[in-house]
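A.B. asks: Provided below for reference: sequence and predicted model.
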Amino acid sequence: MKSVFALVPIALLAACSALAVPAPDQTILGELESAYGELSSGLADVADELKHAAHGALGKSRTRVHKWIDIFGRQRIMQNGLTYELVSNPMFEQHQLRITEPDLCDPSVQQYSGYLDIAEDKHLFFWFFEARVNPEDAPLLLWLNGGPGCSSSTGLLFELGPCSIADSGANVTYNKHSWNTHANVIFLDQPVNVGFSYANDGTSVNTSPVAGKDVYAFLELFLGRFPQYAKAPFHIAAESYGGTYAPNIAAVIHAENKALARAGAQANDALLHINLASVMLGNGLTDPYVQMASVPDWACDGPYPVYDDPEGPECQAIRAKVPTCQRLLKSCYEYESRLMCVPALLYCNSQIMGPLVQLGYNPYDVRRKCDRQRDGDLCYSQMGWIDTWMNKPANKRALGVDPTLEFQSCNMQVNQAFAFQGDGAHNSAKLLPELVEDGVRLLVYAGNADMMCNFIGNERWVEQLDSRFQKEFAAKKPVPWVTTESGQLAGTVRSAGGNGYTAGNITFVAVHEAGHMVPYDQPEAALDLVTKWLFDLPLSLNASEEVARLPFGGW
């Protein structure tokens, strides 16, 4: 039997929808109200028919943004020959989402990708994957890479995403240890000019606090459009310079949640409470005052020392630089001025990290040498493979990316812009105690072969973090962490809060035989870690006890 559907007049749909204000370069499509008729294959055909009618009205223009409303009341646009759903919120007049639905990487799960447009000139790229197991009940996780200046697509394709880059960028392969096994995961390229994110005028964000407000707007728009994920616990996971990004983003979300709670009954229905459950930092730069002082200890006395003699002249030389480095960083902490922070960053990096980087090791994993002519500037040839795959025209089109954009795994100009603001010399750890006191859990993990953000310094700043769990954490000794799937001794864990029945309120994990990118070096262990953390299960139980307590009966 044929079904007859009448297309709803655009004027009526517009009156019932919160539509984005047209930008100067956007045009609304002309009259389509007369496009009535019988469609034989249901709602999908209705949407296709409306899209075809709209496309016919567009002609060959690719430079303007054209809008229409589909049969479901969703606002659609065409830009650069690509079709998106447009999402807006009256509380965020300077922000809107453009969304498409790719089927790359792992076609078995629901995906969304596209852009957060900010004030018409800045555009942040995102790529979302639903969980492979029970997505309707899975937690929501936001992943951020660091650098600063490195795309989260490097984390996706090189570390923890549903597929892994292969064959020099010609193909991708299925990643059975993907973090979207039990979590709905968003990969976000920020700040602008990182990965597929871009700015119309070429400008860039160069401080971490600025990023927080834009990410909050993104989450409000995304969760408003997809409320099925809004009730889930939300976790921010970040790596490397993400140890600076993530506390700033979490602080903004937490402050906005508290403001919404204070508003109470007067709160605007357009805003959602974001269920911020935890912050997860992997080999991060968070408290440079503590972390820079740990470099000589790691380089000279750690599990992978780069100098033969811990009392030799090389070790004595870098130890002698620590007091000046800390004095400069203390001034940065106190005044938070570019004039104080830039000299601190330059001195500490050149005088303490500089000599180590020149030794010829891969600074992200000193178990390996680095041949930059062969391996690239970042010592991993796979970064170039990612560029190749992401820049395939068909992949750009599927992801809703302007075909003229060029993907780069890491943008060194963005990196330098942050450095010249002294951003990496600030103390982001100071933002975390308020969150911890209000129940937001903190996980810090680090591979023990990483030289850039070593595990010793990460453990020390966690131990010194001022919270009601400080004394308990300081009193705890590291205990073994054994993975559930294979029974592998993967590292050690220290945890405070939870009385041993949970993953803890403050937890530090040292990951054995792993460098800067733990999910790449230890994929099974990384999935074990994130799964237990997301479901608030202790890491220190033996494997049989863990399996019995898992809500899904194992991996």
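C.D. replies: Received, thanks. Numbers count the residues shown, from 1 in each chain.

A.B. asks: Where does the prediction get shaky in the protein?
C.D. replies: Residue ranges of the chain with pLDDT under 70: 1-64, 70-73, 202-209, 265-268, 541-555.

A.B. asks: can we see that at 50?
C.D. replies: 1-63, 543-555 (pLDDT under 50).

A.B. asks: All the strands of the stretch 301-450 of the chain, residue numbers only.
C.D. replies: 361-362, 365-369, 441-447 (DSSP state E, counting those that start in this stretch).

A.B. asks: most packed of these?
C.D. replies: strand 441-447 (a mean of 27; mean count of other CB atoms under 10 Å). Quick note: C-beta positions are derived from backbone N, CA and C, even for glycine.

A.B. asks: returning to that earlier point: which one of the strands of the stretch 301-450 of the chain lies closest to residue 333?
C.D. replies: strand 441-447 (19.4 Å; CB to CB).

A.B. asks: pretty sure residue 104 contacts residue 153?
C.D. replies: No - between residue 104 and residue 153 there is no contact, the gap being 11.1 Å when judged by CB atoms under 8 Å.

A.B. asks: So between these two, which is more surrounded?
C.D. replies: Between residue 104 and residue 153, residue 153 has the larger neighbour count (other CB atoms under 10 Å), namely 26 against 18.

A.B. asks: And the more buried one, how far from residue 84?
C.D. replies: According to CB to CB, to the nearest Å, residue 153 stands 19 Å off from residue 84.

A.B. asks: got it, and residue 235?
C.D. replies: With CB to CB as the criterion, residue 235 and residue 84 are 27 Å apart.

A.B. asks: For the residue nearest to residue 410 when sequence neighbours are not counted, give me its contacts.
C.D. replies: Distance criterion CB to CB, 6 or more residues apart in numbering; nearest residue to residue 410, sequence neighbours excluded, is residue 150 at 4.2 Å. Taking CB atoms under 8 Å, 6 or more residues apart in numbering, we find residue 150 in contact with 194, 240, 241, 409, 410, 411.

A.B. asks: Would you format the residues you listed as CSV with neighbour count and distance to residue 159 included?
C.D. replies: Putting the contacts of residue 150 into CSV (neighbours: other CB atoms under 10 Å; distance: CB to CB, whole Å) gives the following:
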residue, neighbour count, distance to residue 159
194, 30, 16
240, 25, 11
241, 26, 15
409, 25, 12
410, 22, 14
411, 22, 19
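
A.B. asks: For residue 347, state which of those residues is nearest.
C.D. replies: For those, the nearest to residue 347 is residue 241 (18.7 Å; CB to CB).

A.B. asks: Pretty sure the closest one sits against residue 288.
C.D. replies: No - with contacts defined as CB under 8 Å, residue 241 does not count as touching residue 288, sitting 11.2 Å away.

A.B. asks: Mutual contacts of those two, please.
C.D. replies: With CB under 8 Å, 6+ apart, residue 241 and residue 288 have common neighbours residue 424.

A.B. asks: so where do the strands sit in the stretch 1-150 of the chain?
C.D. replies: Counting by DSSP E, counting those that start in this stretch, the strands of the stretch 1-150 of the chain are 3-5, 26-28, 37-39, 65-69, 75-79, 82-87, 95-100, 111-118, 122-129, 140-144.

A.B. asks: can you list those in JSON lines and add mean neighbour count?
C.D. replies: As requested, these are exported to JSON lines (neighbours: other CB atoms under 10 Å):
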{"stretch": "strand 3-5", "mean neighbour count": "12"}
{"stretch": "strand 26-28", "mean neighbour count": "15"}
{"stretch": "strand 37-39", "mean neighbour count": "13"}
{"stretch": "strand 65-69", "mean neighbour count": "22"}
{"stretch": "strand 75-79", "mean neighbour count": "21"}
{"stretch": "strand 82-87", "mean neighbour count": "20"}
{"stretch": "strand 95-100", "mean neighbour count": "22"}
{"stretch": "strand 111-118", "mean neighbour count": "23"}
{"stretch": "strand 122-129", "mean neighbour count": "25"}
{"stretch": "strand 140-144", "mean neighbour count": "26"}
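
A.B. asks: do you know how far the closest residue to residue 389 other than its chain neighbours is from residue 405?
C.D. replies: When the adjacent residues along the chain are set aside, residue 389 lies closest to residue 169, with 4.5 Å between them (CB to CB, 6+ apart). Plainly put, residue 169 is 17 Å away from residue 405 if you go by CB to CB.

A.B. asks: Of those two, give the one with the bigger neighbour count.
C.D. replies: residue 169 (20 against 17).

A.B. asks: Tell me how far the more buried one lies from residue 193.
C.D. replies: 22 Å.

A.B. asks: again with residue 186
C.D. replies: Residue 186 is 20 Å from residue 193, by CB to CB.

A.B. asks: For residue 359, give me its contacts.
C.D. replies: By CB under 8 Å, 6+ apart, the neighbours of residue 359 are residue 306.

A.B. asks: er, residue 404 I mean
C.D. replies: residue 80.

A.B. asks: just residue 92 next, same as before
C.D. replies: Taking CB under 8 Å, 6+ apart, we find residue 92 in contact with 217, 220, 221.

A.B. asks: possible to save these as CSV with distance to residue 310, secondary structure and neighbour count?
C.D. replies: Listed next are the contacts of residue 92 as CSV, based on distance: CB to CB, whole Å; DSSP: H, G, I helix; E, B strand; the rest coil; neighbours: other CB atoms under 10 Å:
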residue, distance to residue 310, secondary structure, neighbour count
217, 49, helix, 22
220, 51, helix, 22
221, 53, helix, 22
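
A.B. asks: now, among those residues, which is nearest to residue 119?
C.D. replies: Among the contacts of residue 92, and counting by CB to CB, the member closest to residue 119 is residue 217, at 10.6 Å.

A.B. asks: Please list all residues in contact with the closest one.
C.D. replies: Contacts of residue 217 (CB under 8 Å, 6+ apart): 92, 94, 95, 116, 118.

A.B. asks: And residue 158, by the same measure?
C.D. replies: 164, 165, 380, 382, 383, 386, 517, 520.

A.B. asks: Of the residues you listed, which is the nearest to residue 279?
C.D. replies: residue 517 (18.7 Å).

A.B. asks: and residue 376, how far is that from residue 296?
C.D. replies: Taken as CB to CB, the span from residue 376 to residue 296 is 28 Å.

A.B. asks: where along the stretch 401-550 of the chain do the helices fall?
C.D. replies: 412-419, 432-437, 455-464, 470-475, 518-521, 523-534, 543-549 (DSSP state H, counting those that start in this stretch).
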